[in-house]
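Student: Can you look at this prediction? I've put the sequence above it.
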Amino acid sequence: MRFSARLKEGWAQRTLKGSSLRRADIWIQAASVGEAYLALHLVRALKEQGDIKVLITSSTSQGVGLLAEAKEHLSLEIAYFPFDLPGIMSKALAHVRPKVMVVLEAELWPGLFAASSGLSIPLLIVNGRLSPSSLRGHLLLKGFWRKYPPEKVLAVSSEDAERYSRLFGERVVDTMNNMKFDRVSIQAGGQEENPLKNLIPASWPFVVLGSIRKEEEAGIQYVIKRLRTERKELVIGLFPRHMHRVGAWEKRLSKAQIPYKLRSQMDKAPARPGMVILWDKLGELGQAYGLSQAVFVGGSLRPCGGQNFLEPLTHGVVPNVGPHLDNFQWIGPEIFTLGLARQVKNKEELVHCLLKDLSEPRNPQEVLDLARTYLRGRQGGTQQACSEIMKRISQR
């Protein structure tokens, strides 16, 4: 493990050797980038409640890197999540001494749960989701989970709540609106406010292929070749879901003789027609959506569970997604029936739909208005989560 490319970063913090975690009122664990965004959103709401010391940990370097950018602004402590061994986790909790431990979304850590129980630290699962396949695996340790349950589970759907109830018992499980709906702010934004406006000239059509997973890279390469054949002047923004896949994409594009340039090399040089921009900088996907005319949100062309496809709507762009959205059933089918997203069956249909979006663009303001109405009844989960967290803090 010490020499693993994904684990060697932050080794001292992961093992608590030569690095101790600081005291905090709330410890929030955010697995990777998606959960880190959610954690920062939650902390902003919690900070409105008063002067609260917060530690956020993440299991990946990308998650820690994202949190580091907000550390000073939000007065946070950040660190890598310690390895989930009983001795390490007990030591970590003794260092931090949180009044409440918050686990975001889909992580169940046996060492953490047992150590929290042993130290009488209330543990909450917030924005919880639990897939059928994960439930089957966890039920093999059902006796353990019944012995060390969380104090509260706030699940994002009735289906997730039912699965958590089978694992922990109905007494500790409740539902909430997904906090990701609260992160979506529907407002008209012009290109003049977009930091990338000089990178992507408005005169060139721009397609964003966002959050592309390793499993769908071959299919997306096919999509890129087809799009470039049909629209010679097209600029394509390619966003791998994980930064360590940038090198693999460089090899793939070079072998296929597809011209590309790394985003990090383009601060002073705008895109050219026919170019693929391989994005190797974090935090710019939303800005790229704001300049695009057609969008695909990855993790969905192959069975990877999908990625959050609400963000393009904040820019008046209707996203295309693939058939595999197991992790995003909480969004519900209405978003498709309202025409606020389009689900394609395969890579050929994706090419057709992206080309259609380029040739028959929808009015962004109409999309924004419809999206605002759709979201209005689905927001408020963040406040519910804050109430549960603050209740535990006041009790301690």
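Tutor: Thanks, I have it.
Student: for the chain, what spans make up the strands?
Tutor: 26-30, 54-58, 76-80, 100-104, 123-128, 152-155, 173-175, 206-212, 235-240, 260-262, 276-278, 294-297, 319-321, 342-343 (DSSP state E).
Student: Parallel or antiparallel, list what pairs with the fourth one.
Tutor: Translated: strand 100-104. strand 26-30 (parallel), strand 123-128 (parallel) (DSSP bridges).
Student: Just the CA atoms of the shortest one, as CSV, please.
Tutor: Provided in CSV are the C-alpha atoms of strand 26-30 (Å, rounded to 0.1, in the frame of the first residue of the first chain):
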residue,chain,number,x,y,z
ILE,A,26,-17.4,18.4,13.5
TRP,A,27,-15.5,15.9,11.4
ILE,A,28,-16.9,15.4,7.9
GLN,A,29,-15.6,12.5,5.7
ALA,A,30,-15.9,13.1,1.9
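Student: circling back: Serialize the strands of the chain to TSV and add fields for mean neighbour count.
Tutor: All C-beta spots, glycine's among them, are computed from the backbone N, C-alpha and C. Listed next are these as TSV, based on neighbours: other CB atoms under 10 Å:
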stretch	mean neighbour count
strand 26-30	26
strand 54-58	25
strand 76-80	21
strand 100-104	25
strand 123-128	26
strand 152-155	24
strand 173-175	19
strand 206-212	26
strand 235-240	24
strand 260-262	15
strand 276-278	23
strand 294-297	28
strand 319-321	26
strand 342-343	19
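Student: Would you format the ones you listed as TSV with distance to Q221 included?
Tutor: Shown next, in TSV, are the strands of the chain (distance: least, CB to CB, whole Å):
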stretch	distance to Q221
strand 26-30	31
strand 54-58	30
strand 76-80	33
strand 100-104	33
strand 123-128	34
strand 152-155	37
strand 173-175	40
strand 206-212	10
strand 235-240	10
strand 260-262	11
strand 276-278	10
strand 294-297	13
strand 319-321	17
strand 342-343	21
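Student: out of those, nearest to D357?
Tutor: Nearest to D357, of all these, is strand 294-297, at 3.7 Å by CB to CB.
Student: So which other helices or strands are in contact with the closest one?
Tutor: In terms of contacts (3 or more CB pairs under 8 Å, 6 or more residues apart in numbering; DSSP states H and E), strand 294-297 is packed against strand 206-212, strand 319-321, helix 347-359.
Student: Each with direction, which strands does it pair with?
Tutor: By DSSP bridges, strand 294-297 pairs with strand 206-212 (parallel), strand 319-321 (parallel).
Student: Using CSV, please lay out the ones you listed together with distance to L55 and mean pLDDT.
Tutor: Formatted as CSV, the strands paired with strand 294-297 follow (distance: least, CB to CB, whole Å; pLDDT from 0 to 100):
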stretch, distance to L55, mean pLDDT
strand 206-212, 27, 98
strand 319-321, 34, 98
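Student: Nearest to K8, out of those strands?
Tutor: strand 206-212 (25.0 Å).
Student: What lies in contact with that closest one?
Tutor: Strand 206-212 has contacts (CB atoms under 8 Å, 6 or more residues apart in numbering) with 200, 220, 223-224, 227, 234-241, 245, 271, 285, 288-289, 291-299, 307, 312, 354, 358.
Student: if you set the cut-off to 7 Å instead, what comes out?
Tutor: 200, 220, 227, 234-241, 285, 288-289, 291-299, 307, 354 (CB atoms under 7 Å, 6 or more residues apart in numbering).
Student: try stretch 89-104
Tutor: 16, 20-21, 23-30, 35, 38-39, 55, 82, 111-112, 115-116, 118-119, 121-127, 389, 392-393, 396.
Student: what do you get for stretch 275-285?
Tutor: By CB under 7 Å, 6+ apart, stretch 275-285 touches 62, 65-66, 196, 210, 224, 235-239, 243, 246, 249-250, 253, 258-264, 266, 271.
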